[in-house]
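1. Got a sequence here, can you build the structure:
(one chain, ligands or ions: 2)
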Amino acid sequence: MSRQITVLVVDDEATMRDILEMRLRKWGFDVLVAADATEAARVVREDEPDIVLSDIVMPEMSGLELLRELKGQDPDRPVILLTAHGTVERAVEAMKVGARDFLTKPLNYPNLKAVLDQACRDREVLVRSRRLSLELKGEKGFGPFIGMSPRMKDAYSLIQAVASSDASVLITGESGTGKELAAKTIHDLSARKHGDFVAVNAAAIPRDLVESELFGHEKGAFTGASHDRIGCFELADSGTLLLDEISEMPLELQPKLLRVLDEARFRRVGGKREVTVDVRTLAATNQDPRQSVRDGLLREDLYYRLNVFTVHLPALRDREGDISLLAHYFLDLFREKHGSPARAIREETIDVLERYRWPGNVRELRNVMERAAILARDGWVEVSHLPPYVRHPDDDLVGDVKVPTGLTAAEVEKQLILQTLDETGNNKAETARRLGLNVKTIRNKLKAYGMDG
Ligand SMILES: Nc1ncnc2c1ncn2[C@@H]1O[C@H](COP(=O)(O)OP(=O)(O)OP(=O)(O)O)[C@@H](O)[C@H]1O
Ligand SMILES: [Mg+2]
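-> Ligands and ions are numbered 1, 2, ... in the order given. This is a model prediction of the structure:
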């Protein structure tokens with residue numbers, strides 16, 4: 001073992017924890033322990049163990065749920081599950097969710113050792129290659145951002161500079177330019193990095209629930225409020241809260257919002273008591289915020305309060321040289337994900353990518369490159385692997401929507417909308433433009449499909 005490997009042992013039985021800890025130490029591992037899944041999730045966040053060894057049946061959160069959560073945080077951290085006999089279905093499920101291995105109790109120790117050793121070797125290789133790709137990335141961007149265009153470099157310096165202050169920041173930019181990524185980066189670079197980063201999108205929540213989502217509610221506050229619930233401001237306590245799509249924040253809530261920002265105090269919906277929080281607030285919008293103020297959608301006082309600093313993310317088409325960097329970066333990403341043989345992008349393909357307008361910006365490019373990685377069956381990404389609307393942007397129509405016959409008109413419309421959304425990188429405005437519909441109509445239809453409106 002070239003590096004000390006840390007294993008987190010999660011089991012609700014103290015004896016089992018002790019036995020495992022002793023064994024693992026004898027084998028030369030560093031050991032952390034947790035008695036339940038909640039504690040385990042915290043230890044993983046704070047101490048980043050290399051491997052997790054978890055019992056599967058525990059009160060509160062099961063090992064499987066823990067597994068899901070851990071895989072969400074870092075899909076590459078091996079999680080080995082332990083269980084009593086006779087739960088084959090569980091084992092299958094666990095492997096599907098991404099468990100590294102599944103061992104039954106009573107434990108066969110040589111077996112456990114072999115599984116751990118293999119996990120260690122894989123972990124080593126991974127850590128090394130990550131370090132390498134981080135170094136490589138250092139020349140291609142900043143933190144999680146790829147891109148070295150002058151305009152993005154300006155954005156990076158701003159992000160770097162505002163991160164260490166505790167001020168509010170307004171992040172602007174078209175859809176898919178990386179506003180949420182910028183917010184997360186500010187949080188990660190700030191003194192609040194150990195607190196939570198919480199993002200709430202006012203446009204995605206039914207208007208009458210926004211207040212409760214932000215501030216929480218007390219039991220009986222309204223029909224359906226069957227118990228107390230804390231809101232985003234409390235969830236983000238000692239961390240950072242991103243108010244996404246701030247121009248869509250219901251106008252009647254804006255004074256309350258302003259007060260929290262000024263005084264860090266508020267009442268839950270239906271609550272008597274004042275709650276105090278320590279939250280840094282960031283806001284994002286893909287509208288021009290001054291226009292939103294002029295249109296009466298955003299209160300001027302709230303705008304000034306949120307806009308201590310502005311970080312503007314330029315549209316992708318204005319980032320000289322970044323399209324190629326990003327296209328290669330996404331190709332690498334999706335090559336791994338889909339086991340694609342595509343290794344390189346033809347120059348003509350880059351030319352086409354650089355001529356396109358990218359209304360859905362980085363998110364759209366990401367989708368286009370994922371599709372290309374799947375289609376490219378030999379080493380190269382060719383122009384023909386790009387969607388028709390990117391190849392022929394002037395045709396102004398959706399080229400390759402395929403709908404099976406036998407659908408109702410409403411179902412065809414749904415397919416058309418969803419596919420166009422997909423092709424525009426989830427850009428509702430562009431989807432509306434292409435389909436000749438109103439954005440409101442698109443939002444309403446999405447709501448009717450049970451998706452974000
Ligand atoms: N410069 C970048 N380098 C790498 N990935 C990026 C970059 N910018 C954005 N992304 C990725 O593109 C996707 C869209 O970014 P993000 O969600 O932050 O955009 P957004 O501006 O918040 O979009 P929207 O307006 O639709 O909310 C994410 O998957 C993000 O990780
Ligand atoms: Mg966003």
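2. Next, count neighbours for the residue lying closest to residue 358 once chain neighbours are set aside.
-> Excluding the flanking residues, the one nearest residue 358 by CB to CB, 6 or more residues apart in numbering is residue 316, at 4.4 Å. Where you see a C-beta, it was placed from the backbone N, CA and C, and this is true even at glycine. Other residues within reach of residue 316, judged by other CB atoms under 10 Å, total 29.
3. Report the contact partners of residue 316.
-> 176, 177, 322, 323, 326, 358, 361, 362, 364, 365 (CB atoms under 8 Å, 6 or more residues apart in numbering).
4. now swap in residue 334 and tell me
-> By CB under 8 Å, 6+ apart, the neighbours of residue 334 are 340, 369, 370, 373, 374.
5. Looking at the third one now. What's its pLDDT?
-> Going back to what we said before, that points to residue 370. Predicted confidence (pLDDT) for residue 370: 94.
6. wait, it sits on residue 330?
-> Yes - using CB atoms under 8 Å, residue 370 makes contact with residue 330 at a distance of 7.0 Å.
7. Comparing these two, which residue is more hemmed in?
-> Legend: neighbour count by other CB under 10 Å for residue 370 and residue 330, higher for residue 330 (20 against 17).
8. so which strand or helix has the more buried one?
-> helix 322-338 (DSSP states H and E).
9. How about residue 84, nearest residue that isn't a chain neighbour?
-> In space, residue 84 is closest to residue 105, 5.2 Å off (CB to CB, 6+ apart).
10. before we move on, what about residue 350?
-> residue 324 (5.2 Å).
11. Any idea how many residues pack against the one you found?
-> With other CB under 10 Å as criterion, residue 324 counts 15.
12. Setting aside sequence neighbours, what's the nearest residue to the residue of the stretch 151-300 of the chain found nearest ligand 2?
-> In the stretch 151-300 of the chain, the residue that lies nearest ligand 2 is residue 180 (3.9 Å; CB to the ion). Nearest-residue entry for residue 180: residue 199, 6.1 Å, with adjacent residues in sequence omitted and distances by CB to CB, 6+ apart.
13. Report the beta-bridge partner residues of the one you found.
-> residue 242 (DSSP bridges).
14. hang on, isn't it packed against residue 244?
-> Yes - the criterion here is CB under 8 Å, and residue 199 meets it with residue 244 at 5.5 Å.
15. Show the pLDDT at the closest residue to ligand 1 within the stretch 151-300 of the chain.
-> In the stretch 151-300 of the chain, the residue that lies nearest ligand 1 is residue 178 (2.9 Å; CB to the nearest ligand atom). Predicted confidence (pLDDT) for residue 178: 97.
16. is it true that it touches residue 313?
-> Yes - using CB under 8 Å, residue 178 is in contact with residue 313, at 5.4 Å.
17. Who has more neighbours out of these two?
-> residue 313 (26 against 23).
18. ok, now which ones touch that one?
-> Residue 313 sits in contact with 152, 155, 171, 172, 173, 174, 177, 178, 179, 182, where contact means CB under 8 Å, 6+ apart.
19. related to what we said a few turns ago, distance check, the residue nearest to residue 358 against residue 367.
-> Applying CB to CB, to the nearest Å, the value for residue 316 to residue 367 is 13 Å.
20. How about residue 271?
-> Distance from residue 271 to residue 367, by CB to CB: 43 Å.
21. Over to residue 32?
-> 39 Å.
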